[in-house]
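Colleague: Make a model of this:
(2 chains)
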Amino acid sequence: MNDVPGDMFYTESHEWVKMDDEIATIGISDHAQGQLGDVVFVELPEVGDAFTAGDPCAVVESVKAASDIYAPISGEVVEVNELLENAPETINDDAYGEGWLFRIKADDPSEVDGLMSAESYVEVNSED
Amino acid sequence: MTRKTPLYQAHIDAAARMVDFGGWDLPINYGSQIDEHHTVRNAAGMFDVSHMTVVEIKGQDARAFLSKLLANDIAKLQQPGKALYSCMLNSEGGIIDDLITYFISENHFRMVVNAATHDKDMAWLEKQAGGYEVVVSERRDLAMLAVQGPDARQKTANILSAEDAESAMALNIFQAAQIGDLFIARTGYTGEDGFEIMLPADAAIELWNKLLKEQVKPCGLGARDTLRLEAGMNLYGQDMDETTSPYVSALAWTVALKDEREFIGRSALITQKAAGLKQKLVGLVLEGRGVIRPHQSLINAAGDIVGETTSGSFSPTLKKAIAMARLDRDIVDNCLVDIRGRKLPVRLVKMPFARKGSVCDGILD
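Modeller: Residues are numbered from 1 along each chain as shown, chains lettered A, B, ... in the order given. Predicted coordinates:
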């Protein structure tokens, strides 16, 4: 839990969100990828799909288990990380960077204010 | 409160991710279970299997007792050191556990049973031993290390004296010997060559460290599971249990019915066979992308549910999802697997999927 980027927002279900104006890039935390183990398959949403915060919108499967990914905020998918189709292990290698999952155009960018800061996220998960 | 093996600290030192496995604190991986898997297929890895139960069967009736207890025929063990894989059945022919028995001497056989089934196995052994001149005793003073992979035997030999190395290298498959402090068996659960080594608990860490210096890589339960699945080896409690007989668990080859030997479960098996077997355990390969998991339904062309997966995972060697499934016996065509609502085509294959470093014939198109 040492390297949680400070410029992102986090959910209790271990997604991270990075805002660039109204575009939110979404991935899973390094803590989450560590818990999952080797990622072997990612099922991503389609560009144009619309989600409400809390909707299941993707699946990350490791050798061990399948894990649902929930939309941290509401909006429409504008881009998905095509790299993950052939290199799902990128999530293990670089969870906060190249291993991003998809981008959403936020209905209301201020929705991220309801998410956790890096500090809170570290605090919540240090109790494990 | 979980139990710790003598190698617990070694796992922590190797940055293992620990999990509770049937009440034991054991490593699931040391970073990447896929890397560990490939290491065993291509070089050498080691697994702490000290949680497994080692049981000594001693006394003048040891052989007679095992002849009654096991579905496979203990009479096949004639040369000291030889090992036999068998199921231990209840009177309905259901599998109480699967195990390996080593023939040490006429008055002494050694059995290794699963950890998760420890309590019921010990109770069953004690119960069935009544009436026989045998003493059943558990060896909690031993640790057990599985060294597996194409380089495993040589790397193990490298840390032994010249004389001991020669004895170890001379072991045939499914043969064991007491070599100094080590009981070395050429057995395993990965589909690769290698040894399973039992030794005094307080000597385990030294053996572990010597093997580490030989570049034998620590491997966790995660890799152990994908290796055994690729090798077409059943996992007790998942692919078989007390409600399934060896006949519907792809273990007919372990049942020795000839010579009218009266073993527990025999009459039930004969009745089942006469009535016609309804199911079979088969291998599946997923054609598309995704991962098969246990307890997913199999569906035929007409849309009927014809079976269920028992084990399923991503196969690092095939780079596809594979599974074992219990299906209606008459299903021979490919079918669909229901993965969280998505119905994807699977191909029925003859197991094993992979062993000895590569994919088996007929598994990939």
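Colleague: Check whether residue B:125 really touches residue B:55, as I assumed.
Modeller: Yes: the pair residue B:125 / residue B:55 is scored as a contact, 6.6 Å apart, by CB atoms under 8 Å. Any C-beta I mention is one placed from the backbone N, CA and C, and that applies to glycine too.
Colleague: For those two, list the residues in contact with both.
Modeller: residue B:136 (CB atoms under 8 Å, 6 or more residues apart in numbering or on different chains).
Colleague: What's the local residue count around residue 55?
Modeller: I'll assume chain A. Neighbour count of residue A:55, defined by other CB atoms under 10 Å in any protein chain shown: 14.
Colleague: Can you look at chain B instead?
Modeller: The number of residues packed near residue B:55 is 19, by other CB under 10 Å.
Colleague: Quickly list what it is bridged to.
Modeller: Residue B:55 has these beta-bridge partners by DSSP bridges: residue B:111, residue B:138.
Colleague: so how far is residue B:255 from it?
Modeller: Distance, residue B:55 to residue B:255, by CB to CB, to the nearest Å: 22 Å.
Colleague: What of residue B:358?
Modeller: Look at residue B:358 and residue B:255: by CB to CB, they are 30 Å apart.
Colleague: So which of these two has more stuff around it?
Modeller: Remark: of residue B:358 and residue B:255, residue B:255 carries more neighbours, 22 against 12, as counted by other CB under 10 Å.
Colleague: Please list all residues in contact with that one.
Modeller: Contacts here follow CB under 8 Å, 6+ apart; on that basis residue B:255 touches B:71-72, B:87, B:246-247, B:269.
Colleague: Ramachandran coordinates for residue 7?
Modeller: You didn't say which chain, so I picked chain A. phi -100, psi 20 (degrees, to the nearest 10).
Colleague: can you pull the pLDDT of it?
Modeller: On the pLDDT scale, residue A:7 is placed at 94.
Colleague: I figured it hits residue A:16, correct?
Modeller: No: using CB under 8 Å, residue A:7 is not in contact with residue A:16, being 10.0 Å away.
Colleague: who's more crowded, those two?
Modeller: The neighbour comparison of residue A:7 against residue A:16 (other CB under 10 Å) goes to residue A:16, with 28 against 9.
Colleague: buried ones in the helix or strand harbouring that one?
Modeller: Using DSSP states H and E, residue A:16 falls within strand A:15-20. By neighbour count on 16 or more other CB atoms under 10 Å in any protein chain shown, the buried set for strand A:15-20 is A:15-19.
Colleague: swap in stretch B:86-103?
Modeller: In stretch B:86-103, the ones that count as buried by 16+ other CB under 10 Å are B:86-89, B:93-103.
Colleague: can you tell me which two in the residues you listed are farthest apart?
Modeller: B:94 and B:103 (26.2 Å; CB to CB).
Colleague: packing partners for whichever helix or strand comes after the strand holding residue A:16?
Modeller: Per DSSP H and E, the first helix or strand lying C-terminal to strand A:15-20 is strand A:23-28. Applying 3 or more CB pairs under 8 Å, 6 or more residues apart in numbering or on different chains; DSSP states H and E, one finds that strand A:23-28 makes contact with strand A:15-20, strand A:66-70, strand A:102-106.
Colleague: Please report how far the spatially most central residue of chain A lies from chain B.
Modeller: With distances taken as CA atoms, centre = their mean, the residue of chain A nearest its centroid is residue A:27 (2.3 Å). Note on residue A:27: its distance to chain B, by CB to the nearest CB, to the nearest Å, is 19 Å.
Colleague: hey, what's that residue bridged with?
Modeller: Residue A:27 has the following beta-bridge partners by DSSP bridges: residue A:16.
Colleague: so who does it touch?
Modeller: A:15-16, A:91, A:95-96, A:99-101.
Colleague: Residue B:110 too?
Modeller: Here residue B:110 is in contact with B:54-57, B:101-102, B:104, B:183 (CB under 8 Å, 6+ apart).
Colleague: cool, and residue B:311?
Modeller: Residue B:311 sits in contact with B:225, B:229, B:235, B:238-239, B:294, B:323-324, where contact means CB under 8 Å, 6+ apart.
Colleague: What about the residues you listed, which are in strands?
Modeller: B:323-324 (DSSP state E).
Colleague: residue boundaries of the helices in chain B?
Modeller: Counting by DSSP state H, residue ranges of the helices within chain B are B:8-13, B:33-42, B:62-69, B:118-129, B:152-158, B:162-169, B:204-213, B:221-230, B:266-275.
Colleague: Mind listing what's buried along the shortest one?
Modeller: Meaning helix B:8-13. Buried residues in helix B:8-13, defined by neighbour count with 16+ other CB under 10 Å: B:8, B:10-11.
Colleague: ok, now the second one?
Modeller: Residues of helix B:33-42 classed as buried: B:33-41 (neighbour count, 16+ other CB under 10 Å).
Colleague: How about the longest one?
Modeller: Neighbour-count burial for helix B:118-129 flags B:118, B:121-122, B:124-125, B:128-129 (criterion: 16+ other CB under 10 Å).
Colleague: got it, and the last one?
Modeller: Along helix B:266-275, these residues count as buried under the neighbour rule (16+ other CB under 10 Å): B:266, B:268-269, B:272.
Colleague: Residue B:141: which of the residues you listed is nearest?
Modeller: residue B:266 (35.1 Å).
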